[in-house]
Structure formats: C-alpha cells, structure tokens
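1. structure for this input, please:
(one chain, ligands or ions: 1)
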Amino acid sequence: MNTVKPMIQFTNVSKSFGDFEAIRGVSLDIPEGSFTTFLGPSGCGKTTLMRLIAGFYEPDAGDIYIEGNRVNGLPAFKRNTPLVFQEYALFPHMTVYENISYGLKLQKPSRQEAKDKVGTMLSMFGLQGLQDRLPRELSGGQQQRVAFARALIMGQKVLLMDEPLSNLDAKMRVEVRNELRELQQRLGITAIFVTHDQDEALSVSDRIAVFNKGRISQVGDPWDIYFKPESKFVADFVGTANFIDGEVVAEEKDDLVVKCGDALLRVHRSKYPYRAGERVTLVIRPECISINENPVAGDNVWNGEIQRSSFLGRMIRYWVDASPFQLIVDDSSPIVRGYLQGNVCLTVDKHKIHLLPFEK
Ligand SMILES: Nc1ncnc2c1ncn2[C@@H]1O[C@H](COP(=O)(O)OP(=O)(O)OP(=O)(O)O)[C@@H](O)[C@H]1O
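-> Numbering: from 1, shown residues only. Prediction:
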C-alpha cells in the first residue's frame with residue numbers, strides 16, 4: 001500500500017474554531033484507490049478533517065494536496081470531492097432520475113447521454129425500476145444508494161462519506177456497507193469514510209486512522225489497529241481490551257517473563273524491544289483468554305471467580321475476578337457449554353498477548 005501514490009495528502013494541517021483547536025498538526029497520506037476510515041470518539045475532529053478535504057473549511061496552517069496539487073484556497077465546487085452525509089440530502093420534490101442526473105447539468109449532456117449515464121448508475125446501485133419515485137417513496141437504504149449514485153455520476157475519483165449509514169437499521173447498514181466496499185474496489189475510487197462504529201471500520205477499510213482530540217493516534221490496516229495497537233487509547237477505543245501492568249523480569253530466547261502482581265506471565269518476544277527491569281502494559285483481548293471449568297496446568301494460568309455474565313448470541317461475555325485483576329473474557333462457543341458459574345481457570349496463549357510501554 002505504501003508504494004501507491006497518495007490521492008490526498010495533509011502536511012501539518014491545523015484548524016481552530018475560535019480558541020479551540022479541532023485539528024492539531026495532522027500529516028497523513030491517503031493512497032489512491034484505498035478505502036480509508038477516520039475513526040474516533042465524538043468531537044475528535046473527523047468531520048472537520050473531511051470538510052477540509054471537501055473545501056468547506058480552510059486550514060489555519062499546513063497544506064492539503066489532491067492528486068499532487070495544493071488545494072488550499074480552491075473552492076469546494078472545483079475540488080471534485082463529493083461528500084455524502086447521513087442525512088441523504090436528496091431533493092425531496094425530484095424523482096430518483098432527476099436527483100441522480102442533477103450533477104450532470106454542468107456537463108450539459110444530450111438527453112440520450114444523460115439517460116445512459118443515469119441508467120448505468122441505477123444498475124450499479126441496484127435501483128432499476130425506481131427512477132420515477134420520489135425520495136419519500138424509498139426505503140432508507142434506497143435513498144442512501146441514490147445519494148451515492150448522485151455523488152459518483154460525474155466519474156469522480158474521490159468519494160467522501162460522513163457517517164453515511166447512521167440512519168439505517170443494523171442489517172441494512174451491513175448490507176449497504178458491503179455494497180459500498182465492493183463498488184469502491186470495482187471502480188477503484190479513493191473512499192474516505194467517517195464513523196465511530198469500530199466494527200464498520202474494521203470490516204470495510206484498507207486503512208484506519210484513529211483520531212484522538214484533533215490528532216491521529218495511529219494509522220494502519222484493520223488487523224494492526226486491532227491486534228497491534230500502539231497506545232492504550234487505540235486498544236481501548238477499537239474493541240474491548242484487558243490491560244494489565246507489569247514489569248519484565250527475564251528475557252529468554254523466545255519469551256519475555258513479565259511479573260504482574262503475584263503472577264508471572266510468559267509473552268512471546270516477537271519484535272518487542274522491552275528489556276528486563278522495564279515496566280510494560282499487557283493488552284489482552286477478551287476472546288484471547290480461554291475460560292475453563294477445571295484446573296489447567298501450564299504457563300499463563302489464573303484462577304478466578306465469575307462475577308457476572310452477559311449473553312450476546314454469538315458469545316457469552318464474562319467478568320471474572322482474578323484478583324488482583326478484573327478480566328473480561330469472551331466464550332465464543334456458548335452452545336457447547338452454556339453458562340459457566342463460580343470458580344474458573346483462565347489461560348492465555350503467550351502469542352495472544354500484546355505489549356505496550358507502561359503509561360501512567
Ligand atoms: N463550525 C464549528 N464551529 C465551532 N466549533 C466547531 C465547528 N465544527 C466543529 N467544531 C468543534 O470541533 C470539534 C471537532 O468536531 P468534529 O465535528 O470534527 O468532530 P467529529 O469527530 O466528527 O465528531 P462526531 O463523531 O460527533 O461527528 C468539536 O469539539 C466541535 O464542537
């Protein structure tokens with residue numbers, strides 16, 4: 001991915017509203033043809049950065065490039081970066097056909113050219129037969145598809161989407177996001193997507209930029225963001241994580257031995273730079289801990305007592321008191337064992353523990 005030339009580049013971009021710095025010195029390359037997601041909690045600057053690309057805001061400092069051209073000061077309508085919102089923003093009094101063809105007006109195509117182009121968009125988005133309907137006669141998913149078709153009819157290479165699926169129900173949301181991903185890959189467009197839904201971000205993106213308070217905490221592919229977070233913030237925001245503080249007490253050939261409270265845990269060394277005497281934080285995803293009814297022998301074993309549990313269909317989540325640690329554990333095969341109760345034995349494979357430098 002690094003060898004692909006950037007479609008959009010930010011170099012040291014900042015943007016304030018009054019005294020409040022919403023974007024703080026952000027530098028980021030967005031590769032051509034990629035699906036990049038801006039993920040982060042509410043108010044961290046995702047929409048602001050998106051609007052800076054679209055030209056709705058101007059940066060106070062830094063530069064923005066689209067296809068290698070500096071676009072600071074270039075009005076929004078000259079940027080060719082359509083933005084789709086969660087409110088579909090369709091013209092309510094216009095039919096699907098009129099809504100989709102609206103963007104073509106500037107090109108002044110012949111009636112037949114317009115018909116052909118709209119026809120292509122209708123079939124691309126599965127909207128055949130709906131061209132004469134008004135937006136209010138469509139479902140939410142269909143309205144959102146019309147908004148995408150309208151955004152892309154001019155053959156744009158970039159599509160900006162600000163929480164475009166938020167108004168859809170859970171099933172439709174998954175359906176539309178999968179369609180969107182398939183289409184983005186087929187057309188080779190550069191898509192930028194804003195969401196605070198981690199599952200959505202992990203499932204559709206080539207790259208995720210995790211935002212925190214106007215800065216980007218980490219950029220990476222979904223796998224690394226989930227399994228190799230570079231900070232507690234990222235580990236905690238993307239999914240659920242158990243954090244255990246400890247100190248490296250031995251460096252062995254394959255493993256580091258970490259003392260956490262009374263327990264000694266073995267962590268595969270991987271590429272971790274940590275040395276004996278250093279404090280570290282272990283990050284363990286709930287699904288990486290196995291929960292057993294009977295005692296288990298070996299490394300990385302804790303005894304604990306289940307405090308509470310929650311059935312989530314595909315798994316049972318347990319909160320386990322493994323004093324001095326409180327651990328969250330997911331059992332992904334509830335149908336086999338049903339609910340567990342009382343005392344349990346927890347084990348974690350040394351390859352499934354991620355290490356971070358200790359943060360106060
Ligand atoms: N036009 C504006 N005037 C003043 N403050 C603004 C303006 N736009 C955004 N902000 C502030 O800048 C910060 C970042 O806002 P932004 O909309 O970019 O966040 P976000 O990450 O997209 O949040 P959300 O997920 O809730 O949409 C917020 O604190 C917001 O209140």
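
2. mind listing what's buried along the helix-or-strand element of the chain with minimal mean pLDDT?
-> Every helix and strand of the chain was ranked by mean pLDDT, DSSP states H and E. The lowest is helix 334-337, at a mean of 80. For helix 334-337, burial by neighbour count (16 or more other Cβ atoms under 10 Å) applies to Pro334. Any C-beta I mention is one placed from the backbone N, CA and C, and that applies to glycine too.

3. show residues contacting it.
-> With Cβ atoms under 8 Å, 6 or more residues apart in numbering as the contact definition, helix 334-337 has outside contacts at Glu293, Phe311, Met315, Ile316, Asp331.

4. what does stretch 105-123 give?
-> 96-97, 100-101, 104, 127-128, 130-131, 149, 152-154.

5. quick check: closest non-adjacent residue to Ala151.
-> Spatial nearest neighbour of Ala151, chain neighbours left out: Pro82 (3.8 Å); criterion: Cβ to Cβ, 6 or more residues apart in numbering.

6. go ahead and confirm the one you found touches Met161.
-> No - when contacts are counted by Cβ atoms under 8 Å, Pro82 is not listed as touching Met161 (9.3 Å).

7. more neighbours: these two, which one.
-> Of the pair Pro82 and Met161, Met161 is the one with more neighbours under other Cβ atoms under 10 Å, namely 27 against 20.

8. for that one, which residues make a bridge with it?
-> Val84, Phe193 (DSSP bridges).

9. which residue ranges of the protein form helices?
-> 46-54, 96-101, 111-124, 140-152, 170-187, 198-204, 222-227, 232-237, 334-337 (DSSP state H).

10. now the shortest one, how far from the chain's geometric center?
-> Think helix 334-337. With Cα atoms, centre = their mean, to the nearest Å as the basis, the distance from the averaged C-alpha position of helix 334-337 to the chain average is 31 Å.

11. domain-wise, how is the chain divided?
-> In terms of domains, the chain is parsed into 6-237, 242-357 (source: automatic domain parsing).

12. wait, doesn't Val258 sit right on Thr281?
-> No - between Val258 and Thr281 there is no contact under Cβ under 8 Å: 9.8 Å.

13. now do the shared contacts for these two.
-> In contact with both Val258 and Thr281: Gly246, Leu355, using Cβ under 8 Å, 6+ apart.

14. contact partners for the residue nearest to Ala151?
-> Counting by Cβ under 8 Å, 6+ apart, Pro82 has contacts Gly103, Arg150, Ala151, Leu152, Met154, Gln156, Val158, Leu159, Leu160.

15. need the per-residue pLDDT for it.
-> Note on Pro82: pLDDT of 87.

16. phi, psi of the residue in the stretch 151-300 of the chain that the ligand sits nearest to?
-> Nearest residue of the stretch 151-300 of the chain to the ligand (Cβ to the nearest ligand atom) works out as His196 at 5.2 Å. His196 adopts backbone torsions of phi -110, psi 20, taken as degrees, to the nearest 10.

17. number of nearby residues for the closest residue to Pro295 other than its chain neighbours?
-> Excluding the flanking residues, the one nearest Pro295 by Cβ to Cβ, 6+ apart is Cys345, at 5.2 Å. Using other Cβ under 10 Å, Cys345 has 17 neighbouring residues.

18. ok, the residue most central in space within the chain - contacts?
-> The centre of the chain sits closest to Ala201, judged by Cα atoms, centre = their mean, with a distance of 2.6 Å. Neighbour list for Ala201: Thr37, Leu39, Phe193, Thr195, Ile208, Pro222, Val238 [criterion: Cβ under 8 Å, 6+ apart].

19. what sits closest to Leu165 if chain neighbours are left out?
-> Closest to Leu165 by Cβ to Cβ, 6+ apart is Arg173, at 4.6 Å.

20. that neighbour against Glu200, yeah?
-> Yes - with contact defined as Cβ under 8 Å, Arg173 reaches Glu200; the gap is 7.4 Å.

21. which residues are common contacts for those two?
-> The contact lists of Arg173 and Glu200 share Leu165, where a contact means Cβ under 8 Å, 6+ apart.

22. any stretches of the stretch 1-150 of the chain with poor pLDDT?
-> 1-3, 87-88 (pLDDT under 70).

23. which positions in it make contact with the ligand?
-> Phe17, Ala22, Gly40, Ser42, Gly43, Cys44, Gly45, Lys46, Thr47, Thr48 (Cβ under 6 Å from any ligand atom).

24. distance between stretch 223-234 and the chain's centre?
-> The chain centroid and the centroid of stretch 223-234 are separated by 12 Å under Cα atoms, centre = their mean.

25. buried residues, it. List them.
-> Neighbour-count burial for stretch 223-234 [16+ other Cβ under 10 Å]: Ile225, Tyr226, Lys228, Pro229, Glu230, Ser231, Lys232, Phe233, Val234.

26. same deal with stretch 69-83?
-> Those would be Val71, Ala76, Arg79, Thr81, Pro82, Leu83, for stretch 69-83 by 16+ other Cβ under 10 Å.

27. OK, contacts around Lys46?
-> With Cβ under 8 Å, 6+ apart, Lys46 has these contacts: Phe38, Leu39, Gly40, Asp162, Val194, His196, Phe211.

28. ok, back up a step: mind putting the contacts of helix 334-337 in JSON lines, pLDDT included?
-> Formatted as JSON lines, the contacts of helix 334-337 follow (pLDDT from 0 to 100):
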{"residue": "Glu293", "pLDDT": "91"}
{"residue": "Phe311", "pLDDT": "93"}
{"residue": "Met315", "pLDDT": "93"}
{"residue": "Ile316", "pLDDT": "95"}
{"residue": "Asp331", "pLDDT": "94"}
